[in-house]
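Sequence and predicted structure below; questions after.
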Amino acid sequence: PGGSVETDKKSFNIELDWIEDQDINGYETLNLNNCYQDPSFLREFIFEKLSRNYIPATQVNFVKLMINDQDWGIYPNVQQLDKKHADQWFFDDECTRWRAEDPNSEAPGCGSPGGGGPGGGGPGGGGPNFGAGTSSLNYLGNDSINYLDHYTLKKSYVDNPWNALVEACFAIENVENFDDSYTYLNEYLDVDATLWHLANEIIFSDDDSYINKGGMDYYVYYDKYNERILPIEYDGNTVFGNINWSPFYNENNSDFALLNKLLATPELRQRYLAHFRTILSDCFDSNYINGLIDYYANFINQSVFDDPQKIYTYAEFLSEVEDLKDYFSQRNS
């Protein structure tokens with residue numbers, strides 16, 4: 001990773017494709033996160049666990065990695081954004097998938113199941129706006145060629161997949177022009193899933209996200225069964241940081257089309273706030289969240305202590321666990 005930390009504990013994206021039909025419990029890809037900037041090993045793990053109550057978030061577990069019989073320590077393993085992930089959340093697993101990034105970039109940001117490896121591989125690339133205003137589901141005109149430099153089409157199962165993306169961006173841009181905004185927009189964008197996505201990202205202050213960077217560090221799925229798109233979270237290794245983000249973070253910034261357009265529509269704003277309150281009530285009770293953090297901290301405690309490759313000390317692990325509890329307490333307030 002970059003910065004001042006030197007370590008041999010790299011992140012790994014492992015494809016089990018050398019031997020035909022090889023898998024681990026049905027999964028063919030492992031995304032092992034080295035937890036750069038996270039001495040607790042828990043940020044992405046806890047975040048995904050909580051998020052799966054509200055959005056199509058990835059599964060996570062812990063892996064002890066051995067390389068040529070050498071102990072490489074503990075890693076969070078983050079599910080790949082692939083057909084298997086789609087099958088677990090949608091009626092049709094053939095979800096067309098875009099990653100919000102410039103397909104011509106030689107150095108896309110680190111940290112992504114389904115993209116350039118697992119979360120936490122080190123600081124990402126890109127410019128200061130990370131494509132906000134272009135790949136943030138902004139309407140760039142009716143010609144799909146205008147979108148090709150701002151989204152990378154990872155997988156498609158339909159003819160002319162870009163049409164669905166363009167139509168959804170147009171609907172988002174014009175949502176305020178329709179009396180029944182929810183019904184109109186919901187034909188092109190899964191509105192409720194999108195509002196859950198926004199609330200989830202903001203309340204847990206996900207630094208690498210649509211709501212903060214705009215046009216990077218999120219995916220777009222086209223739900224083939226319902227014929228509409230929705231944003232998909234990934235790269236959650238830098239969550240639980242900012243305690244001060246407003247529920248209306250970036251709503252006045254037109255570059256962030258979902259926040260700017262949807263939260264300006266009263267009906268959608270109230271639905272969004274209802275979701276926000278639900279997550280606050282569910283996840284920020286001190287007894288609940290401290291118990292959850294302690295449970296998983298205790299679960300990995302010995303493995304972290306024994307990890308010969310860990311980037312941070314065991315004392316830093318213990319301190320960071322307490323910092324996570326402090327975050328939830330302060331964010332709740």
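That came through fine.

Quick check: mean pLDDT of stretch 195-206?
Across stretch 195-206, pLDDT averages out at 97.

ok, now stretch 16-27?
Here stretch 16-27 scores 88 as its mean pLDDT.

Pull the residues that contact it.
Identification of contacts with stretch 16-27 by Cβ atoms under 8 Å, 6 or more residues apart in numbering yields Glu28, Thr29, Leu30, Gln79, Gln80, Lys84. Using the backbone N, CA and C atoms, a C-beta is placed for each residue, glycine as well.

Where in this protein is the helix or strand with the lowest mean pLDDT?
Ranked by mean pLDDT, DSSP states H and E, the weakest helix or strand in the chain is helix 210-213, scoring a mean of 89.

for it, packing partners?
On a contact count with 3 or more Cβ pairs under 8 Å, 6 or more residues apart in numbering; DSSP states H and E, helix 210-213 meets helix 191-203.

Am I right that Lys154 is in a strand?
Yes: assessed with DSSP: H, G, I helix; E, B strand; the rest coil, Lys154 lies in a strand.

so where do the helices sit in the stretch 101-250 of the chain?
With DSSP state H, counting those that start in this stretch, the ranges of helices along the stretch 101-250 of the chain come out as 161-173, 181-185, 191-203, 210-213.

I'd like those as CSV, with distance to Gly133 appended.
Listed next are the helices of the stretch 101-250 of the chain as CSV, based on distance: least, Cβ to Cβ, whole Å:
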stretch, distance to Gly133
helix 161-173, 12
helix 181-185, 20
helix 191-203, 17
helix 210-213, 11
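
just to revisit the earlier point, tell me the two of the contacts of stretch 16-27 that are most distant?
Maximum pairwise distance in those, criterion Cβ to Cβ, is 12.8 Å, between Leu30 and Lys84.

the more surrounded of those two?
In terms of neighbours (other Cβ atoms under 10 Å), Leu30 is the more surrounded of Leu30 and Lys84; the figures are 21 against 16.

check which helix or strand covers the spatially closest residue to Asn290 that is not a sequence neighbour.
Distance criterion Cβ to Cβ, 6 or more residues apart in numbering; nearest residue to Asn290, sequence neighbours excluded, is Lys325 at 5.3 Å. Lys325 belongs to helix 314-332 when assigned by DSSP states H and E.

do the same with Trp72
Assigned by DSSP H and E, Trp72 falls within strand 70-78.
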